[in-house]
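Enquirer: pasting a predicted model and its sequence here:
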Amino acid sequence: MIKVNLKKILKDRGITLSELSEGTGISLRGLSAFQNQKTDGVKYNTIEAICRYLDIEVSDLLKKYENIYNITCSIDLEDFDLATNVPSGKKEDLNGKLVISNEIEEYIFKFDFSIAFEYKNSDYINVSIYIYELHIPKTLPKNIIDFIDINNHFEEESAFYKIFAHLISQECMFLKNFPTISIWEDLWVKFSNDVIPPFQIIDVIADETMFSNTSEKLVFPKKEYRINTIPANPKEKITDEFGYAKFNIDFIPNFNSLISLKELNNIIILDNFKRDLFIHL
């Protein structure tokens, strides 16, 4: 796919479209249509004038790339400053953002969430991350719209929400003083009805395999994900030489459980053992 990189170049240099129009003699309307790829044809003189004014090569202005995106998550919290030596607790009104980006595009999904925990007994903890609001950007390309649209994932898990659940779990588990979630603990990510509806009615084609002639079908999308964990360091073992469980090691979500998703392109292990994800849409 060929992508116009003009918007990013102007943003990085602090140049407005009006300034570019004045400097090149190209109409503001024409530049806007070019930068947003809303035109079917562009004269070479137009490209040459833009490159000359910005002192760049054509290859800087027009990028060829595959639809591979980095998908990351961050939360506005560094320390889980909540006592965990009590039967239960909850931290509310938290904020974060999920970013889908490549070298040209960036789409930011802001979200609100809470974290709750309770001990099942004196040893094992149950942690729930509850995402109750997700703000979807108004303008998205069709491939990303299809990726996040829950209507496309009724018959199977949603890759978007499953990846989202693992990424926010990773961010929480890297917080200072966050309770250790070993393979024996329970970690859940749950989505509110405002994020994922409890049910949907979809149109179907009635045929002989159905028990009625109805043209509608009631479906229930998956709204919560249990997150399995593994040692953050892939070389670390969960038991010692005598076969006893090791509790003094760091754990992260098991991102290997995502490899069956057709949208997943690559998983990179960073120096701090966080996982960096890339998707192909």
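Expert: Thanks, I have it.
Enquirer: what are the ranges of the helices in the stretch 101-250 of the chain?
Expert: Remark: helices assigned in the stretch 101-250 of the chain by DSSP state H, counting those that start in this stretch are 142-148, 159-173.
Enquirer: report the mean confidence score over the last one.
Expert: Which is helix 159-173. Regarding helix 159-173, the rounded mean pLDDT is 97.
Enquirer: how much space separates residue 126 from residue 107?
Expert: Distance, residue 126 to residue 107, using C-beta to C-beta, to the nearest Å: 33 Å. For every residue, glycine as well, the C-beta is placed using N, CA and C.
Enquirer: hmm, I typed the wrong one, I wanted residue 253.
Expert: Residue 253 is 23 Å from residue 107, by C-beta to C-beta.
Enquirer: ok, the two, which is more surrounded?
Expert: Taking neighbours as other C-beta atoms under 10 Å, residue 253 and residue 107 compare with residue 253 leading, 26 against 17.
Enquirer: run a quick neighbour tally on the residue lying closest to residue 131 once chain neighbours are set aside.
Expert: In this structure, residue 131 finds its nearest non-sequential neighbour in residue 113, 4.6 Å apart by C-beta to C-beta, 6 or more residues apart in numbering. Around residue 113 sit 25 other residues, with neighbours defined as other C-beta under 10 Å.
Enquirer: chain center to stretch 177-189, what's the gap?
Expert: Put simply, stretch 177-189 sits 21 Å off its chain's centre (C-alpha atoms, centre = their mean, to the nearest Å).
Enquirer: buried stuff in it?
Expert: Across stretch 177-189, burial judged by 16 or more other C-beta atoms under 10 Å covers 178-179, 181-182, 185-189.
Enquirer: same question, stretch 196-204
Expert: Under 16+ other C-beta under 10 Å, the buried positions of stretch 196-204 are residue 196.
Enquirer: and for stretch 92-112?
Expert: 94, 96, 98-100, 105, 107, 109, 111-112.
Enquirer: neighbouring contacts of it?
Expert: Residues outside stretch 92-112 that contact it (C-beta atoms under 8 Å, 6 or more residues apart in numbering): 3, 5, 8, 63, 65, 68-77, 113-115, 131-137, 140-141, 144, 164, 167-168, 171, 279.
Enquirer: returning to what we had before: the helices of the stretch 101-250 of the chain: which one's closest to residue 21?
Expert: Each of the helices of the stretch 101-250 of the chain has some distance to residue 21 by C-beta to C-beta; the shortest is helix 142-148, at 29.0 Å.
Enquirer: list the buried residues of that closest one.
Expert: Buried positions in helix 142-148, judged by neighbour count with 16+ other C-beta under 10 Å: 144, 147-148.
Enquirer: show the average pLDDT along it.
Expert: Average pLDDT, helix 142-148: 93.
Enquirer: can you list contacts of it?
Expert: Here helix 142-148 makes contact (C-beta under 8 Å, 6+ apart) with 67, 69, 100, 107, 136, 140, 152, 159-160, 263, 279, 281.
Enquirer: how about a cut-off of 10 Å?
Expert: 1, 67, 69, 71, 98, 100, 105, 107, 109, 134, 136-137, 139-141, 152-153, 158-161, 163-164, 263, 279-281 (C-beta atoms under 10 Å, 6 or more residues apart in numbering).
Enquirer: ok so, going back, redo the helices of the stretch 101-250 of the chain as JSON lines? Include distance to residue 54.
Expert: Output for the helices of the stretch 101-250 of the chain, formatted as JSON lines (distance: least, C-beta to C-beta, whole Å):
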{"stretch": "helix 142-148", "distance to residue 54": "28"}
{"stretch": "helix 159-173", "distance to residue 54": "35"}
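Enquirer: where in this structure is pLDDT low?
Expert: Residue ranges of the chain with pLDDT under 70: 65, 122, 152-156, 204-215.
Enquirer: domains in it, by residue range?
Expert: Domains of the chain are assigned by automatic domain parsing as 2-64, 68-280.
Enquirer: how close does residue 195 sit to residue 133?
Expert: Distance of residue 195 to residue 133, computed by C-beta to C-beta: 7 Å.
Enquirer: which of the buried residues of stretch 92-112 fall within strands?
Expert: Residues of the buried residues of stretch 92-112 located in strands (DSSP state E): 94, 96, 98-100, 107, 109, 111-112.
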